[in-house]
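In: Can you look at this prediction? I've put the sequence above it.
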Amino acid sequence: MNNKIISRISISLLAVIMIVFGVYHFMKPENLVSYIPSFLPGGVFWVYAVGAAFILAGIAFIINKKVKLAAYLLALLVFLFVIMIHIPNYLNGSNDADRQLSFVMILKDTAIAAFALHVAANAEN
């Protein structure tokens with residue numbers, strides 16, 4: 001298999017995962033609203049906005065349009081999650097299990113952001 005095929009499969013897999021995450025935001029907003037930092041007004045609006053962003057990024061990756069923009073915005077979004085949600089949750093975790101979950105989320109979102117940056121850097125459009 002050549003590198004272009006492997007790259008396309010990898011980007012498509014990221015796209016499907018982002019779409020699934022996005023759909024989950026619309027199906028179970030009550031499970032996610034507690035993660036929104038208290039200083040952000042709007043409550044559940046942010047759950048839906050992030051869900052829409054994930055879905056749109058996934059669609060851009062699948063149809064191969066505006067990939068560079070979508071990937072840079074996705075990277076920014078998940079880096080913001082790390083900074084605004086996961087690191088504070090890790091530092092303020094009330095027990096080891098909460099801190100461990102936050103640490104895993106830091107690693108997951110950093111990996112997604114890194115892959116999105118890689119996609120953006122290599123995108124033609």
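Out: Noted; the coordinates are in hand.
In: Val50: which element?
Out: helix 44-63 (DSSP states H and E).
In: sec struct for the residue nearest the centre of the chain, please.
Out: The structure's the chain has its C-alpha centroid closest to Val78; by C-alpha atoms, centre = their mean the separation is 4.6 Å. Following DSSP: H, G, I helix; E, B strand; the rest coil, Val78 is assigned to helix.
In: Tell me the spacing between the nearest residue to Val119 once chain neighbours are set aside and Ile5.
Out: Of all residues not flanking Val119 in the chain, Ala71 sits nearest, at 4.2 Å (C-beta to C-beta, 6 or more residues apart in numbering). Placement of C-beta: from N, CA and C, glycine included. Distance of Ala71 to Ile5, computed by C-beta to C-beta, to the nearest Å: 19 Å.
In: Pick out whichever of the two has more residues nearby.
Out: Legend: neighbour count by other C-beta atoms under 10 Å for Ala71 and Ile5, higher for Ala71 (25 against 9).
In: Next, the contact list for the more buried one, please.
Out: Listed by C-beta atoms under 8 Å, 6 or more residues apart in numbering, the contact set of Ala71 reads 57, 61, 116-117, 119-120, 123.
In: Going by secondary structure, it is in what exactly?
Out: helix 67-81.
In: Give me the angle between that helix and helix 44-63.
Out: Inter-element angle recorded for helix 67-81 and helix 44-63: 150 degrees (by axes from the mean of the first three to the mean of the last three C-alpha atoms, to 10 degrees).
In: so how far is helix 67-81 off the chain centroid?
Out: 8 Å (C-alpha atoms, centre = their mean, to the nearest Å).
In: what's downstream of that helix, the next helix or strand?
Out: Criterion used, DSSP H and E; the element after helix 67-81 is helix 87-91.
In: in that following helix, what counts as buried?
Out: Using 16 or more other C-beta atoms under 10 Å as the test for burial, helix 87-91 gives 89-90.
In: CA atoms only: put it into CSV for me.
Out: Taking Å, rounded to 0.1, in the frame of the first residue of the first chain, the C-alpha atoms of helix 87-91 are listed here in CSV:
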residue,chain,number,x,y,z
ILE,A,87,-5.6,20.5,33.0
PRO,A,88,-7.8,22.3,35.6
ASN,A,89,-9.7,19.0,36.2
TYR,A,90,-6.4,17.2,36.7
LEU,A,91,-5.1,19.8,39.1
